[in-house]
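1. Next one to model:
(one chain, ligands or ions: 1)
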Amino acid sequence: MPYETILVETRGPVGLVTLNRPKALNALSDLLVTELGQALDALEADDSVGAIVVTGSEKAFAAGADIKEMQNFSYMDVYKANFITAKWERLAKCRKPTIAAVAGYALGGGCELAMMADFILAADTAKFGQPEITIGTIPGAGGTQRLTRFVGKSKAMEMCLTGRLMDAAEAERAGLVSRIVPAADLVDEAVRVAEKIAKLSRPVVMMAKDAVNAAYETTMSEGIRVERRIFHSTFAIEDQKEGMAAFAEKRQPDWKHR
Ligand code: CO8
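-> Down below sits the predicted model:
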């Protein structure tokens, strides 16, 4: 399907979505968010795709929600349309594993979008921030909640109250990103990691993702209970037999479910 604001391709078992509004630093217009949702629907439905990478340009992953588009919205406009959270949550709702590959600015809604992925790989040029306060509003797509869980109250509070940006090194120290890679290698490395995940047993990968996500949504004791139930259920999948047999027989596993 041709899109106006994103590029979509598959590289082997990896779906790669590139945000593509370079003149606006990939500002997240309503059309872009809609098209991103459509692309994710299609990649989730495509059985040949085992993992998804979302990236932007060298200069910007995304510089936020489109300020020019929303500047004249009234309270009634945003309230009635439930602006814009329902559509934005699509990335967070993916069942397949997702990686945000971030170079340059990931600001406001851009930072929020990156945090909806399962993990963030950052280029050494990446800059993260929630600068909404400097334009008279606050994060509206999970920023105050997800950032606080990633980096803790003190840093999240400082960033949301002052709009200060975090560079890649600070983001890695704070646990916002899993790793930093040179900007020139970012997309290739993200695709390599996604491919590695896509070549594993798909149901077991999805179960591992569910179990880690439980840590964000429940108490420790409930999370441990969820993990144990999911762990037990892997023993109902042929791939657990295959993986353990392959280990014992000193060979590579041949996964049944990909
Ligand atoms: N919206 C619309 N246009 C943008 C945005 C944006 N967020 N960011 C940049 N642009 C446009 C600029 O207006 C400019 O367009 P033009 O050439 O027509 O003037 C073009 O992109 C290039 O930008 P700059 O000239 O400003 O580039 P610089 O390199 O000088 O500066 C910055 C880069 C620092 C990233 C700067 O552009 C900037 O500060 N951008 C705004 C950052 C920001 O405040 N983001 C938060 C937006 S609010 C938000 O995200 C709320 C989320 C709430 C979520 C609700 C669900 C949607």
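2. and the stretch 51-200 of the chain, which residues reach the ligand?
-> 63-68, 84, 88, 105, 107-109, 131-132, 135, 139-141 (C-beta under 6 Å from any ligand atom). In short, each C-beta sits where N, CA and C put it, glycine included.
3. Where strands are concerned, which of the residues you listed count?
-> Among those, the residues falling in strands (DSSP state E) are 105, 107.
4. Run through the residues that contact the residue of the stretch 101-250 of the chain found nearest the ligand.
-> Nearest to the ligand, among the residues of the stretch 101-250 of the chain, is Gly108, at 2.4 Å (C-beta to the nearest ligand atom). Going by C-beta atoms under 8 Å, 6 or more residues apart in numbering, Gly108 touches 63-65, 129-132, 139, 143.
5. can you tell me which of these are in helices?
-> Per DSSP state H, helices hold the following members of the contacts of Gly108: Gly143.
6. Same list (the contacts of Gly108) but as CSV, adding pLDDT, distance to Ala100 and neighbour count.
-> Conversion of the contacts of Gly108 to CSV gives the following (pLDDT from 0 to 100; distance: C-beta to C-beta, whole Å; neighbours: other C-beta atoms under 10 Å):
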residue, pLDDT, distance to Ala100, neighbour count
Ala63, 98, 15, 26
Gly64, 97, 15, 28
Ala65, 96, 16, 28
Gly129, 98, 15, 24
Gln130, 98, 16, 27
Pro131, 98, 18, 19
Glu132, 98, 19, 23
Pro139, 97, 16, 23
Gly143, 97, 14, 22
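7. For the closest residue to Ser201 other than its chain neighbours, what are phi and psi?
-> Spatial nearest neighbour of Ser201, excluding adjacent residues (C-beta to C-beta, 6 or more residues apart in numbering): Asp239 at 3.7 Å. Asp239 adopts backbone torsions of phi -70, psi -30, taken as degrees, to the nearest 10.
8. burial measure for Asp239, as a count.
-> 20 (other C-beta atoms under 10 Å).
9. so it touches Asp254, yeah?
-> No. Between Asp239 and Asp254 there is no contact, the gap being 9.5 Å when judged by C-beta atoms under 8 Å.
10. I'd like to know how many residues surround the residue lying closest to Glu35 once chain neighbours are set aside.
-> In space, and not counting its chain neighbours, Glu35 is closest to Tyr3: 4.5 Å by C-beta to C-beta, 6+ apart. Tyr3: 16 surrounding residues under other C-beta under 10 Å.
11. Repeat that for the one 5 residues further on.
-> A total of 20 residues lie near Val8 under the criterion other C-beta under 10 Å.
12. Next: Asp124.
-> 16.
13. quick revisit: distance to Val204 for the contacts of Gly108 - can I get that in CSV?
-> Output for those, formatted as CSV (distance: C-beta to C-beta, whole Å):
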residue, distance to Val204
Ala63, 37
Gly64, 36
Ala65, 36
Gly129, 36
Gln130, 35
Pro131, 39
Glu132, 39
Pro139, 34
Gly143, 32
